[in-house]
Structures are given as C-alpha cells and as structure tokens.
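Enquirer: Give me coordinates for this.
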Amino acid sequence: MLQRPTENEYPTYYQPYLNLVSEGDLVKLLKDNLKEMITLFEGISDEEALHRYAQGKWSVKEVLGHITDTERIMSYRLLRVSRGDQTPLAGFNETDYVEAAQTNNLPMKAILEDFKATRNATITQIQNTPVKAWNNQGNANGMPITTRAIAYIIAGHEMHHRKIVEERYLKR
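Expert: Numbers count the residues shown, from 1 in each chain. Below is the predicted model of the structure:
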C-alpha cells in the first residue's frame with residue numbers, strides 16, 4: 001500500500017489538497033471518487049452546468065474541465081518523476097487553460113466522459129508504478145516533488161473542487 005507523503009516531499013501550497021486525502025488504499029479512493037464524480041456530474045444538465053456561483057468564477061463545466069486538465073498534467077508529472085526523469089517540468093496557468101479549453105461549448109456528457117477516461121488512465125498508471133519509484137524526486141514548477149506526493153495531490157485536487165461544486169454551485 002502506498003504511504004502518505006511527508007511534508008518535505010511537496011510544496012506547501014499543495015497541503016490543503018493532501019489534507020483531504022484519508023489514510024488507506026489510494027487506488028480504492030480514486031475509484032470511489034470516480035463513482036462520486038460520475039454521480040454528481042451526471043445529474044447536472046447542460047443549462048445548469050453553465051452556472052457560476054459568482055461573477056468571475058468558472059462555470060460547472062469549466063470546473064470539471066479544470067479538474068481533468070490538472071489531472072492530466074499531474075499524471076504526466078507522475079510519469080516523468082516515477083521514471084527518474086530529472087528534467088524540470090514547467091508549471092501552467094490554470095486560468096489560461098480553462099479559457100483555451102472552451103468547455104462551455106461542449107456537452108456536459110462529453111466533459112464527464114473526458115474526466116472518466118483521464119481518471120481511469122491515472123488509476124492504471126498508479127497501479128503499474130514500480131514500488132521503488134514512489135520515492136523518486138523530481139522538479140515541477142521550480143519545486144521539488146516526489147512521485148507519491150503527485151499521486152496524493154491528484155486525489156486531493158479533485159476532492160477539493162468537487163466539494164466546491166457541491167457547496168457553492170449546487171448547494172448540496
């Protein structure tokens with residue numbers, strides 16, 4: 001079973017995401033969270049998915065697109081670091097990505113399918129990562145980070161945004 005990363009394995013700005021991830025089997029958590037995401041987002045119509053809880057905030061569609069983009073990027077980082085690649089990995093501007101993706105023009109079903117495919121790829125990647133690779137350290141966005149920290153960040157990032165959707169967009 002994959003152990004939680006220690007605080008020296010990732011930049012402190014990721015701490016809120018890691019705080020959301022419970023102890024236990026990370027792969028099971030990712031699978032369970034996938035089911036929760038499907039249940040949550042399948043129940044949102046295309047019209048409801050354009051809702052923003054405040055001016056200047058992303059729509060529900062944009063939030064799900066952001067979760068998916070970030071998971072793809074973090075999975076790529078996980079791959080590179082787990083393989084021992086020491087090439088510094090660039091950061092990304094999430095606002096620019098959301099704008100460029102134009103997810104508001106897509107059906108909610110398509111955005112959710114994209115997330116499902118991305119999450120399933122993340123799960124198999126994590127399942128197939130060699131045990132000795134979990135402690136590998138790389139550099140992302142100018143900061144040191146380990147393979148296992150990236151895996152936990154992926155889980156926590158999705159949980160963070162799902163909670164925001166439930167509480168601020170859908171008021172559940």
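
Enquirer: and stretch 44-56, how far out from the chain's middle?
Expert: Chain-centre distance of stretch 44-56: 20 Å, with CA atoms, centre = their mean, to the nearest Å.

Enquirer: likewise stretch 30-47?
Expert: Between the centre of stretch 30-47 and the centre of its host chain there is 14 Å, according to CA atoms, centre = their mean.

Enquirer: contacting residues around that stretch?
Expert: Residues outside stretch 30-47 that contact it (CB atoms under 8 Å, 6 or more residues apart in numbering): 60, 64, 107-108, 111-112, 115-116, 119-120, 122-123, 126, 154-155, 158-159, 162, 165-166, 170. C-betas here are computed from N, CA, C, even on glycine.

Enquirer: my guess is R83 meets K132, correct?
Expert: No - under the criterion of CB atoms under 8 Å, R83 lies out of contact with K132, with a separation of 11.5 Å.

Enquirer: Beta-bridge partners for the nearest residue to D85 once chain neighbours are set aside, please?
Expert: For D85, the nearest residue in space outside its immediate sequence neighbours is G138; the separation is 6.5 Å by CB to CB, 6 or more residues apart in numbering. Beta-bridge partners recorded for G138 (DSSP bridges): I145.

Enquirer: returning to that earlier point: counting neighbours, go ahead and name the busier of R83 and K132.
Expert: For R83 and K132, the more surrounded residue by other CB atoms under 10 Å is R83, and the numbers stand at 13 against 10.

Enquirer: low-confidence ranges in this protein?
Expert: 1, 172 (pLDDT under 70).

Enquirer: And the strands in it?
Expert: Listed in chain order, the strands of the chain (DSSP state E) span residues 137-140, 143-146.

Enquirer: Between the ones you listed, which one is closest to T70.
Expert: The minimum distance between T70 and the strands of the chain falls on strand 137-140, with 12.2 Å, by CB to CB.
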